[in-house]
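1. Fold the stuff below for me.
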Amino acid sequence: MDGSARERIALRTREEIARIREAGRVVWEVLEALTAVAVPGVSTAELDRFAEARTRALGGRPAFLGYRGYPACLCVSLNDEVIHGIPSPHRILAEGDVIGLDYGVVLGGWFADAARTLPVGRVSEEAARLLAVTRRALSRAIAAALPGAHLGDLGAAVQALAEEEGYSVVRDFVGHGIGRRLHEPPQVPNYGSPGAGVRLRAGMVLALEPMLNAGTGEVRTLDDDWTAVTADGRLSAHFEHTVAVTENGPEILTLPEGWDDHANRPAAEGPGPGSERRE
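-> The predicted structure follows:
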């Protein structure tokens with residue numbers, strides 16, 4: 001999307017990473033609030049309005065609104081929708097749905113981006129398992145984001161877990177660099193070979209975002225030119241964090257420092273972590 005492989009990959013200073021973390025904190029607060037209100041009977045348009053109001057109250061601006069013509073603040077993807085679902089007053093959450101919430105914020109000229117997929121009420125065992133594995137895939141990608149590693153190591157970690165668990169990786173959309181723009185180099189596929197691709201360096205900031213499908217990894221785009229759905233109509237899940245590569249290990253910038261992403265509470269031992277079309 002934004003930028004080619006020929007562009008230089010930015011290396012951010014500690015001060016710049018701190019600014020991205022400020023934007024990331026707004027992303028996290030909005031997604032936390034959305035998690036509480038994404039219940040049966042709520043329309044996806046209501047979620048969009050809620051996200052915008054909360055973001056502006058926190059001093060930020062929705063990063064997706066108007067980006068390449070996108071007509072909303074929030075991407076809301078239901079069930080077989082992989083990514084870029086457009087909010088609508090006619091799309092009402094129902095018991096048993098799974099809902100992907102993808103959100104970006106710009107604050108003081110710095111961008112951050114994250115996503116999570118949630119159960120709406122009680123969901124099937126199949127849906128719950130897909131969500132859990134996709135979240136684990138993100139954790140594995142983050143753990144691999146070390147200086148000296150390669151982009152292929154991150155993709156290989158996601159792909160190995162997905163295929164081990166019987167799922168497919170979406171290849172048409174990838175993660176990306178982020179900072180002064182929503183999408184910066186490099187592109188970060190969720191598949192690959194260990195040791196392949198760009199070598200990671202301290203200061204890189206990446207939006208890592210596995211998308212796993214219960215069936216085929218193939219997708220198609222609906223007539224709205226945005227919503228990507230699974231080709232076979234089966235479920236999809238998407239999790240994302242903005243992550244800084246540092247000499248001390250990966251730092252998740254869309255999570256409060258010291259927060260346990262899986263337990264959803266402050267960690268006992270301190271800090272540990274918008275998608276781009278593949279070119």
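2. show me where the stretch 51-200 of the chain has strands.
-> Using DSSP state E, counting those that start in this stretch, the strands of the stretch 51-200 of the chain run over 61-62, 75-78, 81-83, 98-107, 110-119, 168-169, 173-177, 184-188.
3. can you redo these as CSV with mean neighbour count, mean pLDDT and distance to Pro256?
-> All C-beta spots, glycine's among them, are computed from the backbone N, C-alpha and C. Output for the strands of the stretch 51-200 of the chain, formatted as CSV (neighbours: other CB atoms under 10 Å; pLDDT from 0 to 100; distance: least, CB to CB, whole Å):
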stretch, mean neighbour count, mean pLDDT, distance to Pro256
strand 61-62, 20, 98, 21
strand 75-78, 25, 98, 23
strand 81-83, 26, 98, 25
strand 98-107, 26, 98, 15
strand 110-119, 25, 98, 12
strand 168-169, 21, 98, 29
strand 173-177, 25, 98, 21
strand 184-188, 22, 97, 23
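4. Which pLDDT value belongs to Ala237?
-> Here the pLDDT value assigned to Ala237 is 98.
5. Just the element for it, please.
-> With the criterion set as DSSP states H and E, the secondary-structure element containing Ala237 is strand 236-238.
6. Now do that strand: which elements does it pack against?
-> Packing contacts for strand 236-238, counted by 3 or more CB pairs under 8 Å, 6 or more residues apart in numbering; DSSP states H and E, involve strand 81-83, strand 98-107, strand 110-119, helix 125-143, strand 211-213.
7. Can you tell me how far Glu257 is from Gly179?
-> Counting by CB to CB, to the nearest Å, the separation of Glu257 from Gly179 is 19 Å.
8. for the protein, where's the lowest mean pLDDT among helices and strands?
-> For the chain, using mean pLDDT, DSSP states H and E, the weakest element among its helices and strands is strand 265-266, scoring a mean of 52.
9. and the strand holding Ala237, which residues are buried?
-> When burial is assessed from 16 or more other CB atoms under 10 Å, strand 236-238 yields the following buried residues: 236-238.
10. With distance to Ile17 as new columns, can the strands of the stretch 51-200 of the chain be given to me in CSV?
-> As requested, the strands of the stretch 51-200 of the chain are arranged in CSV below (distance: least, CB to CB, whole Å):
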stretch, distance to Ile17
strand 61-62, 20
strand 75-78, 25
strand 81-83, 26
strand 98-107, 14
strand 110-119, 9
strand 168-169, 28
strand 173-177, 13
strand 184-188, 14
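11. that older thread, more crowded one of Glu257 and Gly179?
-> Neighbours were tallied for Glu257 and for Gly179 using other CB atoms under 10 Å; the higher tally belongs to Gly179 (24 against 14).
12. So Ala33 lies in a strand, does it not?
-> No: per DSSP: H, G, I helix; E, B strand; the rest coil, Ala33 lies outside any strand segment and is helix.
13. Which pLDDT value belongs to it?
-> pLDDT for Ala33: 97.
14. for Gly270, same thing?
-> At Gly270, the pLDDT recorded in the model is 31.
15. residues contacting Asp153?
-> With contacts defined as CB atoms under 8 Å, 6 or more residues apart in numbering, the neighbours of Asp153 are 144, 192, 194-195.
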